[in-house]
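how would this look folded up:
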Amino acid sequence: MVTMPTRLPDRYLTPEDLVRLFELPSVETVYQWRRKRMGPRGFRVGRHLRYDPAEVQAWVRSRMERAAA
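Numbering: from 1, shown residues only. You can find the predicted model right below:
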């Protein structure tokens, strides 16, 4: 089970950050989530993908609530 740190960084997260945070096999997993619209909501800054830490935390909460139901 993945546990969220009590506090995420005060900066936008990269796909690589999500790989480390959730112990994913690769950034390709993050991009697959995005294509399938099943991961946390991200946004582009030019050609770079970024994630708001608040959005990531909200996504984790929603997954945990769904699992508990």
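
quick one, strands of the chain?
If DSSP state E is used as the criterion, the strands of the chain fall at 42-45, 48-51.

give me phi/psi at residue 52?
phi -80, psi 130 (degrees, to the nearest 10).

dump the residue contacts of the nearest residue to residue 25 once chain neighbours are set aside.
Of all residues not flanking residue 25 in the chain, residue 19 sits nearest, at 8.0 Å (CB to CB, 6 or more residues apart in numbering). Quick note: C-beta positions are derived from backbone N, CA and C, even for glycine. For residue 19, the contacting residues are 25-27, 29-30, by CB atoms under 8 Å, 6 or more residues apart in numbering.

distance to residue 63 for the strands of the chain - can I get that in CSV?
Listed next are the strands of the chain as CSV, based on distance: least, CB to CB, whole Å:
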stretch, distance to residue 63
strand 42-45, 16
strand 48-51, 15
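
just the ones you listed: most buried one?
Ranked by mean neighbour count under mean count of other CB atoms under 10 Å, the strands of the chain are led by strand 48-51, which reaches a mean of 16.

that one packs against which elements?
Contacts defined by 3 or more CB pairs under 8 Å, 6 or more residues apart in numbering; DSSP states H and E place strand 48-51 against helix 15-22, helix 27-36, strand 42-45.
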